[in-house]
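Participant: no FASTA, just this:
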């Protein structure tokens, strides 16, 4: 009965990862629910969109990272390509520092729920996600970019979407996205 949203990490030469989530009040507290996860490589936009829209969910909106505005060699933005093949209710998130997004995700996951049967791959990848350090100085260099980072990035974008696009008291999505 609750709307379902997706947060995408767009892959070009690597994986596309999609986190399906809900955000609503549970016991009068804003609560994120990760209900499903999908990741693929080497598929075009149309098969991915067909898969997403075939899910038995009340899909409301799809959030893409800022790089969805990047134009490919055909001079068409990635978000426009997705809209053309069946994802008209989609928009771009504003860019924020990666560490801020990671902190929002860590805090948000601690207060939310993950549906284990449909997110086993996501959970496994989140457990493998880690920081990268300089071996000589021990300085933090940022997150490691490995296969599990796509899953982590889609979750990071989910919490970025919650931060940017939802009312924190009612869990309702702001209507500003519909005018984009």
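Facilitator: Looks like it arrived, so ask away. None of these values were measured; they are calculated from a predicted model. Numbering: from 1, shown residues only.

Participant: show me what contacts the residue lying farthest from the centre of the chain?
Facilitator: Distance from the C-alpha centroid of the chain peaks at residue 136, with 33.8 Å (C-alpha atoms, centre = their mean). Residues counted as contacts of residue 136 (C-beta atoms under 8 Å, 6 or more residues apart in numbering): none. In this view, the C-beta of every residue, glycine as well, is placed from N, C-alpha and C.

Participant: mind checking the SS state of it?
Facilitator: What DSSP: H, G, I helix; E, B strand; the rest coil gives for residue 136 is coil.

Participant: which residues of the chain fall in strands?
Facilitator: Under the criterion DSSP state E, the chain contains strands at 4-9, 16-26, 29-40, 59-64, 90-92, 113-114, 131-133, 140-143.

Participant: just name the most buried of those.
Facilitator: Greatest average neighbour count among the strands of the chain goes to strand 4-9 (a mean of 25), per mean count of other C-beta atoms under 10 Å.

Participant: hey, where'd the helices end up in this protein?
Facilitator: All helices of the chain, identified by DSSP state H, fall at 45-54, 78-84, 98-111, 116-128, 149-165.

Participant: ok, back up a step: distance to residue 100 and mean pLDDT for the strands of the chain - can I get that in JSON lines?
Facilitator: JSON lines is the format used below for the strands of the chain (distance: least, C-beta to C-beta, whole Å; pLDDT from 0 to 100):
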{"stretch": "strand 4-9", "distance to residue 100": "16", "mean pLDDT": "96"}
{"stretch": "strand 16-26", "distance to residue 100": "18", "mean pLDDT": "96"}
{"stretch": "strand 29-40", "distance to residue 100": "17", "mean pLDDT": "96"}
{"stretch": "strand 59-64", "distance to residue 100": "16", "mean pLDDT": "96"}
{"stretch": "strand 90-92", "distance to residue 100": "17", "mean pLDDT": "93"}
{"stretch": "strand 113-114", "distance to residue 100": "22", "mean pLDDT": "96"}
{"stretch": "strand 131-133", "distance to residue 100": "15", "mean pLDDT": "65"}
{"stretch": "strand 140-143", "distance to residue 100": "12", "mean pLDDT": "60"}
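
Participant: dump the ones you listed to a markdown table, plus distance to residue 98.
Facilitator: Formatted as a markdown table, these follow (distance: least, C-beta to C-beta, whole Å):
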| stretch | distance to residue 98 |
| --- | --- |
| strand 4-9 | 12 |
| strand 16-26 | 15 |
| strand 29-40 | 19 |
| strand 59-64 | 16 |
| strand 90-92 | 16 |
| strand 113-114 | 22 |
| strand 131-133 | 11 |
| strand 140-143 | 7 |
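
Participant: looking at those strands, which is nearest to residue 155?
Facilitator: strand 16-26 (5.5 Å; C-beta to C-beta).

Participant: how far does the closest one sit from its chain's centre?
Facilitator: Mean-position distance between strand 16-26 and its chain equals 8 Å (C-alpha atoms, centre = their mean, to the nearest Å).
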